[in-house]
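> A structural model of the following input is requested.
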Amino acid sequence: MATPNLECRMYESKYPEVDMAVMIQVKTIADMGAYVSLLEYNNIEGMILFSELSRRRIRSVSSLIKVGRQEPVMVLRVDKEKGYIDLSKRRVSEEDIAACEERYNKSKLVHSIMRHVAETLHLDLEDLYLHVGWPLYRKYGHAFEALKLVVNDPDSILNTLTREVKEVGPDGQEVAKVVPALSEDVKDALIKTLEGLMTPQPLKIRADIEMKCFQFDGVLHIKEAMRKAEAAGNSDCPVKIKLVAPHSMFLLTQTLDKEQGMLVLTSAIKACTEAIDKHKGKLVVKEAPRAVSERDDKLLQEHMANLRHANEEISGDEGSDEEEDTGMGEIDLENSPAGLQD
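Alright, predicted model coming up:
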């Protein structure tokens, strides 16, 4: 049996992008600068010129860079044909460093999981990344976010991964066929490895709704419908409601039991619908209850921030309590925003 290749970069791209912060390890110090290995890119070589070590006058190179040290640096130039990568230590900001370290720590854990599975089943690591790791990076922003969900609900994540294989049909012609990306052996090994390395994290279950009531005291009726929704929660799955924009909101719960969380939010939506229907209001489910990742949360926060910024820009009535009250965040059912009613 051929020895599997267990060396592979962490990301689909073979080279980093310019102006991206990457984690390096210093290998040697030469006359012009330091040669380093890019840890996230299968240790390909890069160079930091001495002029890129510090914004200040350099009195001692050894005080700024040492062999063996790991740290984030900024990518200045990438020559993919020649394999040259120029890096800078002086141009990386504190924010870049924090983001790079967070990404690298997540990527390193994902890499150890993928490598362990590949080594256990005698698979090529790059092949495993090709069909499992990199598709998860594309779909979830970072494979780490997907693997956290796999711990609690493996089928909903892993069963969506597919690959295309070529087969010869009855007529002798080659045809493409879509099959699951993971065999049962690979799936079982991945789940077992995750259980040993990652403790279960509470799942966030979210549902997006729109609710309107144009009757007299419509805001009061919406308040009452919200209370009914929150009352459907329990100590294991408390239900919270947050406002995105006038009439648009989402219901959220966190739980280790996905099925229970889905049922609780479904019951909350039903209770809310029944309450608002009594007053000739209307509730529309825009997104049914589903598990969401940190990336989904970040996208939602960005969307809410954009809406808030847009409201600030177009606001022509600074004294209007109606616009001011349609703020973001959790709804206070005792002092809910007037913006819920047209």
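
> may I see the buried residues of stretch 16-25?
Pro16, Ala21, Val22, Met23, Ile24 (16 or more other C-beta atoms under 10 Å). Any C-beta I mention is one placed from the backbone N, CA and C, and that applies to glycine too.

> and those residues as CSV, adding distance to Leu121?
Listed next are those as CSV, based on distance: C-beta to C-beta, whole Å:
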residue, distance to Leu121
Pro16, 30
Ala21, 34
Val22, 30
Met23, 28
Ile24, 31
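
> what is the nearest of the residues you listed to Tyr137?
Set against Tyr137, the nearest of the buried residues of stretch 16-25 by C-beta to C-beta is Pro16 (14.2 Å).

> relative to Lys177, how far out is the residue of the chain positioned farthest from its centre?
Going by C-alpha atoms, centre = their mean, the residue of the chain most distant from its centre is Asp171, 45.0 Å out. Remark: distance between Asp171 and Lys177 (C-beta to C-beta, to the nearest Å) = 15 Å.

> how about Val264?
40 Å.

> higher neighbour count, those two?
The residue with more neighbours, out of Val264 and Lys177, is Val264; 23 against 10, by other C-beta atoms under 10 Å.

> now name the helix or strand holding the more buried one.
Assessed by DSSP states H and E, Val264 sits inside helix 258-277.

> next one: Leu87
Here Leu87 is assigned to strand 84-88, by DSSP H and E.

> would you put the C-alpha positions of that strand in PDB?
In PDB, the C-alpha atoms belonging to strand 84-88 read as follows (Å, rounded to 0.1, in the frame of the first residue of the first chain):
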ATOM      1  CA  TYR A  84       8.500  34.600  -4.400                       C
ATOM      2  CA  ILE A  85       6.500  36.000  -1.500                       C
ATOM      3  CA  ASP A  86       7.500  39.300   0.100                       C
ATOM      4  CA  LEU A  87       6.300  40.000   3.600                       C
ATOM      5  CA  SER A  88       6.300  42.900   6.000                       C
END
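
> what lies in contact with stretch 84-103?
15-16, 21-24, 36, 38, 44-49, 52-55, 64-65, 71-79, 142 (C-beta atoms under 8 Å, 6 or more residues apart in numbering).

> what residues of the strand holding Leu87 count as buried?
So for strand 84-88, counting by 16+ other C-beta under 10 Å, buried means Ile85, Asp86, Leu87, Ser88.

> got it, and stretch 234-244?
So, applying 16+ other C-beta under 10 Å, buried residues of stretch 234-244: Cys237, Val239, Lys240, Ile241, Leu243, Val244.

> in the helix holding Val264, which residues are buried?
258, 260-262, 264-269, 271-273, 275-276.

> elements contacting it?
Packed against helix 258-277 by the contact rule (3 or more C-beta pairs under 8 Å, 6 or more residues apart in numbering; DSSP states H and E) you find strand 203-212, helix 218-231, strand 248-255, strand 282-292.

> which of the helices and strands in this protein ranks last by mean pLDDT?
Within the chain, no helix or strand scores below helix 321-325, which has a mean of 40 by mean pLDDT, DSSP states H and E.

> how far does stretch 179-189 sit from the chain's center?
Its chain's average C-alpha position is 23 Å from that of stretch 179-189, according to C-alpha atoms, centre = their mean, to the nearest Å.

> can you check stretch 305-312 too?
23 Å.

> now do stretch 282-296
Using C-alpha atoms, centre = their mean, the offset of stretch 282-296 from its chain centre is 16 Å.

> got the contact list for it?
With C-beta under 8 Å, 6+ apart as the criterion, stretch 282-296 contacts 140-142, 145-146, 148-149, 153, 156, 203-213, 225, 248, 250-251, 258, 261-262, 265-266, 269, 272-273, 276-277.

> and which of the buried residues of stretch 234-244 is nearest Pro135?
For the buried residues of stretch 234-244, the nearest to Pro135 is Val244 (29.5 Å; C-beta to C-beta).

> report the secondary structure state of the closest one.
strand (DSSP: H, G, I helix; E, B strand; the rest coil).

> so what's it closest to, chain neighbours aside?
Leaving aside its sequence neighbours, Val244 sits nearest to Met304 (C-beta to C-beta, 6 or more residues apart in numbering; 6.0 Å).
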